[in-house]
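> coords please:
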Amino acid sequence: MSSTLCMQVKPKPPRSYWSFGLPVKAIFSGRYYDHDGSLGGGKMELTSRDLPFIQGALAAGNFDAKDRAALEKIAERLESGDTIEMWFEH
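Below you'll find the model as predicted:
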């Protein structure tokens, strides 16, 4: 069964959220859920403390334009003090 890694700004309920397949799902799952992304997981929160990890992923990752733009926007939101909520959908 395939899953999608999702992220949204918290606590403001957004009209939409970011969703990621591979390779973003694998990178974040390895760091925050201790698996390859195939097992899913509960909700987690990303804060400004997580910004160096995201910046490193952006510097090292080979992402398509949509995923790169979404990760850059998430990094901007974290830099501005927002919290990002992350979860899996199946």
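> Please state the offset of the longest helix seen in the chain from the chain centre?
Counting residues, the longest helix found in the chain (DSSP state H) is helix 65-79. Relative to the mean C-alpha coordinate of its chain, helix 65-79 is positioned 9 Å out (CA atoms, centre = their mean, to the nearest Å).
> Mind listing what's buried along that helix?
For helix 65-79, the neighbour count (16 or more other CB atoms under 10 Å) marks 67, 70, 71, 74, 75, 77, 78 as buried. For the C-beta atoms, the positions are set from N, CA and C on the backbone; glycine is no exception.
> Name the nearest residue to residue 53, sequence neighbours excluded.
Counting by CB to CB, 6 or more residues apart in numbering, residue 53 lies nearest to residue 31, which is 6.2 Å off, once chain neighbours are set aside.
> cool, residue 16 as well?
residue 8 (7.9 Å).
> The helix or strand that that neighbour is a member of - contacts with which helices or strands?
Following DSSP states H and E, one finds residue 8 within strand 4-10. Counting contacts by 3 or more CB pairs under 8 Å, 6 or more residues apart in numbering; DSSP states H and E, strand 4-10 is packed against strand 18-20, helix 24-32, helix 65-79, strand 83-89.
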